[in-house]
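>>> please work out how this folds:
(2 chains)
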Amino acid sequence: MSLFSLLSVARDGLVAQSAGVSTVGQNIANANTPGYVRRGVTLATRPIGGASMGGVEVVGTTRSFDRVSHRRVTEEHGRRGAADARAGTLATVESIVTPGSGGVGPRVNSFFQSLDSWSGLAGDTSARLGVLQEAAGLAQEISGAAADLDTMRGDLFAQAQGVAGEVSERLGRIAALNTAIAEATGRGESGADLRDQRDQLVLEVGDRLGARAVEDASGQVTLFSAGTVLVEGGRASSVSVDLGPGGSLRVQAQPPGGQATDVTAQVTQGTLGGLREARDVDIPRAQAGLDQFAFDLATAMNTAHASGFGLDGSTGRPLFTTTATATGAARALALNPALDGHPERLAASATTADLPGGNAIALRLAGMSSRPLGTGTATPAERFGSVAADVGTRRAAADTEAALRADTVLQAENLHESSAGVSMDEEMVNLTRFQRAFEASTRVLRVADELLDNLMKSI
Amino acid sequence: MRITDNMALNAVLQGNARTTQRLSKAAREASTGERVGAPSDDPVAWTAAHGHDARIARMETRAQTTSRAAGDLELAESTLASVGDMIQQARELALSTANGAVDAQTRSNVAAQVSQIRDAVLGQMNTRGASGYLFGGTRTDRAPFDAAGNFTGNDTPVSVEVADGVTARANASGARAFTSAGTGGRDLLADLQSLATALTSNNLPAIRTSLDALDAGRRQVTDTSVETGLASERLRSVAEVTDNALLRTRDARAREVEVDLPSALSSLTIARGAYERGVSVTRELLQTTTVGKF
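Below is the predicted model of the structure:
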């Protein structure tokens, strides 16, 4: 090896260690960048002629990406997205059905209390006004809860559309990145930054819809979700949400230039899956329970009340107005307008001869608090209680599921992070190592220079 | 397994989130004294508490209604007792004049007293209670006896619910106490009027006849008074039973949803300690770095 070769070796060393420092710098700068996968620099000896004392060269950079662990993270994100969305929605549903204070439950009790009081004072105007006020309050409370649930379903529809829009936007970017990665691969480049972005987008799609990505030899991924292929190479489908015939969410996937496919039944994961279950399963169940309760209550009350006579001798008036069937009964429930402001029209007596103190009908109405309502054996309070308890049970299960998914996501992320994450300890050590090597290469360069200088001076 | 800074930090953050959640729950339980605030906290306990709430509400109102009805019945009973006394007084006056030693003037004076008694009895018959006129049956909104003594009420019972599906009579029968509606019944006002007329007309046989009528009338009032008293007692007894049941139901509700306060405070202390340790560990972790040490 000649002195001039030594200069080349020193130069190689400087270049190689600089690359190492740059890589460390990149890792440190991106330590908190979502989707960033740590890089490493691969050095190799550079042969100089046939001698074994060659220089060094950077033969590439590595990207510590573990496809298996990333797939698991993506899957777990999908499950957590669904659990979180459902738990959050059910928390709101529970607060509508059973607000911290007031709500339908206490209103049912105070309504029957007013009937109890009235039954002992059938002709008393203030007791009658109390019944009318409580009946109107109960109807308003039930109707308000039903309206809030309807509004919530509308809001969830808008939210689902927003999520679908986010998914479509990301699918488009994944397809574009697929193309860019394939081109980079073709040029012999790693496309690491592009892959970081693409894999992060896959994760974000997983959060919203659930996803599974399979990478091919060119570095492009095919993305499966909702039982269909949403991205293949540079082609991305769009995802949209509208309302189906029954008013339920309908999720459709449409490839570019192709027909839209209904994938609703396969949307079980991600935020969209959670919203769909909460909106189209949990809330309708609560609404149906509330509707049936309101319908049975109104029917029982109306039948009894209509058989009695008011102080004015009138009869046949229902106490509440609502729908003819249970569907929508809660939302439509109201105090009969004919009774509003007319306490004398409340029917307490079974006959006109018993007026005004006859209380047979008032007793019958009040007694319904302890008698089965509709079919079954549950009293009105128990009937409403079962509706609320069902919501509570579902929320508790959803909360448990969300907590479980938070754990499994953390486990999966830890597994992925252990290969892909940046460790400051390692980077500091590497930084020092490359720095020292750079300094040493500088020293080699200086020594080679001095040797050459001495040599030149000696001639 | 490689452990990166983010892994360590994320694990601590997740732990802190759980600790904060536990602290929040412990604080809520300690401050409210209840461990169940919503169905999702414990659906079974919430359902049981909700059922208890309904029963408590029912019993509270039933206790009020029963007490009010018992009060009216007590008033009716004491009114009937007064009427009985008045009838007795009228009978004694009649008896004192039912012999040949009393002159017409004296009988005329007694007749005036009997008329006053009749008016007083009429006033008692139109007594009002919390639920309206006591002796008019379901005609509670107007005086059951007019000035001429005609009964305008009815004998329809008014009931109150004393237990689930069980009712008890809550009014006294004015018709059977004061009128001839019952079998062999006497019209008290008419009998008093007859006595006053007999005294005014100095008709000794009629006066003697009135004695029997007044006797029968007084028994009639007494019978109704006893019956009313029993009904009142029954309602008072029911009110007492309801009060006891109310206490037991409140206890049962408390057992379902309330926390043991010492345990709640202890949990709060433990949760606060865990929270503070979590914050301390996070601070330590953030300060533990190799940056700048090389």
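>>> from A:Gly81, how far off is A:Val391?
22 Å (CB to CB, to the nearest Å). Bear in mind the C-beta positions are built from the backbone N, C-alpha and C, glycine included.
>>> what's the answer for A:Ala29, then?
When A:Ala29 is compared with A:Gly81 (using CB to CB), they lie 29 Å apart.
>>> ok, A:His305 next?
From A:His305 over to A:Gly81 the distance is 50 Å, taken as CB to CB.
>>> B:Thr19 touches B:Ala274, doesn't it?
Yes: if you go by CB atoms under 8 Å, B:Thr19 and B:Ala274 touch, sitting 4.8 Å apart.
>>> out of A:Ala29 and A:Gly81, which sits in the busier spot?
Neighbours were counted for A:Ala29 and for A:Gly81 using other CB atoms under 10 Å in any protein chain shown; A:Gly81 has more, 26 against 11.
>>> for that one, give me the pLDDT.
pLDDT for A:Gly81: 97.
>>> show me where the stretch 151-294 of chain B has helices.
Secondary structure of the stretch 151-294 of chain B by DSSP state H, counting those that start in this stretch: the helices cover B:174-178, B:188-200, B:204-257, B:261-287.
>>> what about the last one, near chain A?
No: using CB under 8 Å from any CB of the partner chain, no contact is recorded between helix B:261-287 and chain A, whose separation bottoms out at 11.7 Å.
>>> any idea how far that helix is from the middle of the chain?
From the chain centre to the centre of helix B:261-287 is a distance of 51 Å (CA atoms, centre = their mean, to the nearest Å).
>>> list the buried residues in it.
Buried positions in helix B:261-287, judged by neighbour count with 16 or more other CB atoms under 10 Å in any protein chain shown: B:264, B:267-268, B:271, B:274-275, B:278.
>>> adding pLDDT, write those residues out as CSV.
Shown next, in CSV, are these (pLDDT from 0 to 100):
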residue, pLDDT
B:Ala264, 92
B:Ser267, 94
B:Leu268, 95
B:Ala271, 95
B:Ala274, 94
B:Tyr275, 94
B:Gly278, 91
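>>> now A:Asp296: closest residue in space that isn't a chain neighbour?
A:Gly374 (3.4 Å; CB to CB, 6 or more residues apart in numbering or on different chains).
>>> give me the secondary structure label for the one you found.
Following DSSP: H, G, I helix; E, B strand; the rest coil, the label given to A:Gly374 is coil.
>>> residues contacting it?
Residues counted as contacts of A:Gly374 (CB atoms under 8 Å, 6 or more residues apart in numbering or on different chains) are A:292, A:295-296, A:299-300, A:383.
>>> nearest to chain B among those?
A:Arg383 (10.5 Å; CB to the nearest CB).
>>> residues near that closest one, how many?
With other CB under 10 Å as criterion, A:Arg383 counts 20.
>>> from B:Pro144, how far off is it?
Distance from A:Arg383 to B:Pro144, by CB to CB: 42 Å.
>>> same thing with A:Ser314?
Counting by CB to CB - A:Ser314 and B:Pro144 are separated by 25 Å.
>>> quick one, which of the two is more surrounded?
Ranked by neighbour count (other CB under 10 Å), A:Ser314 and B:Pro144 place B:Pro144 first, with 24 against 17.
>>> right, and the more buried one touches B:Asp155 too?
No: contact criterion CB under 8 Å: B:Pro144 and B:Asp155 do not qualify, at 10.4 Å.
>>> A:Gly88: which of the helices of the stretch 151-294 of chain B is closest?
Nearest of the helices of the stretch 151-294 of chain B to A:Gly88, taken as CB to CB: helix B:261-287 at 23.7 Å.
>>> and that closest one, what does it pack against?
On a contact count with 3 or more CB pairs under 8 Å, 6 or more residues apart in numbering or on different chains; DSSP states H and E, helix B:261-287 meets helix B:5-32.
>>> could you list the low-pLDDT ranges of the stretch 301-450 of chain A?
Applying pLDDT under 70 to the stretch 301-450 of chain A flags no residue at all.
>>> tell me the confidence at the residue of chain B found nearest chain A?
Closest approach between chain B and chain A, counting by CB to the nearest CB: B:Pro39, at 2.3 Å. On pLDDT, B:Pro39 comes in at 96.
>>> ok, it - how many residues close by?
Neighbour count for B:Pro39, taken as other CB under 10 Å: 28.
>>> pretty sure it contacts A:Arg394?
No: B:Pro39 is not in contact with A:Arg394 according to CB under 8 Å; the separation is 9.4 Å.
>>> circling back: tell me which of the helices of the stretch 151-294 of chain B sits nearest to A:Leu455.
So among these, helix B:261-287 is nearest, using CB to CB, at 54.4 Å.
>>> any idea which of the buried residues of helix B:261-287 is closest to A:Gly20?
Out of the buried residues of helix B:261-287, the member with the shortest distance to A:Gly20 (by CB to CB) is B:Gly278, at 38.0 Å.
>>> which ones are touching that closest one?
B:12, B:15-16, B:19.
>>> how about the host helix or strand of A:Ala127 and chain B, any contact?
Element membership for A:Ala127, per DSSP states H and E: helix A:125-186. No: using CB under 8 Å from any CB, helix A:125-186 stays clear of chain B, with a minimum separation of 9.8 Å.
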